[in-house]
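In: Pasting the sequence and the predicted coordinates here, then a few questions.
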Amino acid sequence: MNKESKLYSIFKNKCPKCHEGQFFESNNPYNLKNFSKMPDECPVCGQKYEPETGFYYGAMYVSYAFGVAIFVAVWVSTSLLFPDMSVYLTIGLVLAALVLLFPVSFRLARLVWINIFVKYSKEYRNSVEQKQI
């Protein structure tokens, strides 16, 4: 994956500006005690992870889209693989999938949301690399 792409930042849990610092304190989304903890700013470039109060309310829309995608994927796959399965069991499987994937979708939604507004800075990356040399 290209280190300069937004997908790198999203899937590797990296700062959207420098793609170096960790966005969440823990890489494991299923560490339920710390799955939502984020530092106030990037330890490498100083990018604030919450630019303004209530910034992540918009991430709820992204999370909703992920929830709909999970719902549709589970519903269609169970309908195709098990056509005789009852509707109640299918709904139970959908709910179980949504609950089990909540930590992942929560984190991905926040990463997608901040990557919409914060651009990768190649100039910053070059200055960091020169300091390391």
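Out: Here it is on my side, so go on.
In: What strand or helix carries the residue nearest in space to the middle of the chain?
Out: Centroid check for the chain by C-alpha atoms, centre = their mean gives Leu108 as the closest residue, at 1.3 Å. Secondary structure from DSSP states H and E places Leu108 in helix 102-117.
In: Mind giving me the packing neighbours of that helix?
Out: Contacts defined by 3 or more C-beta pairs under 8 Å, 6 or more residues apart in numbering; DSSP states H and E place helix 102-117 against helix 6-11, helix 59-81. To be clear about C-beta, it is placed using only N, CA and C from the backbone, and glycine gets the same treatment.
In: Put together JSON lines for those helices, with distance to Gly21 on each row.
Out: Output for the helices and strands packed on helix 102-117, formatted as JSON lines (distance: least, C-beta to C-beta, whole Å):
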{"stretch": "helix 6-11", "distance to Gly21": "10"}
{"stretch": "helix 59-81", "distance to Gly21": "19"}
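In: tell me the most buried of those?
Out: Sort these by mean neighbour count, taking mean count of other C-beta atoms under 10 Å, and helix 6-11 sits at the top with a mean of 16.
In: Turn the helices and strands packed on helix 102-117 into a markdown table, columns for distance to Lys119 and mean pLDDT.
Out: Output for those, formatted as a markdown table (distance: least, C-beta to C-beta, whole Å; pLDDT from 0 to 100):
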| stretch | distance to Lys119 | mean pLDDT |
| --- | --- | --- |
| helix 6-11 | 9 | 94 |
| helix 59-81 | 18 | 96 |
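In: can you tell which of those is closest to Ala96?
Out: helix 59-81 (8.7 Å; C-beta to C-beta).
In: thinking again about what came up before, what's the mean pLDDT across the helix holding Leu108?
Out: What helix 102-117 shows for mean pLDDT is 96.
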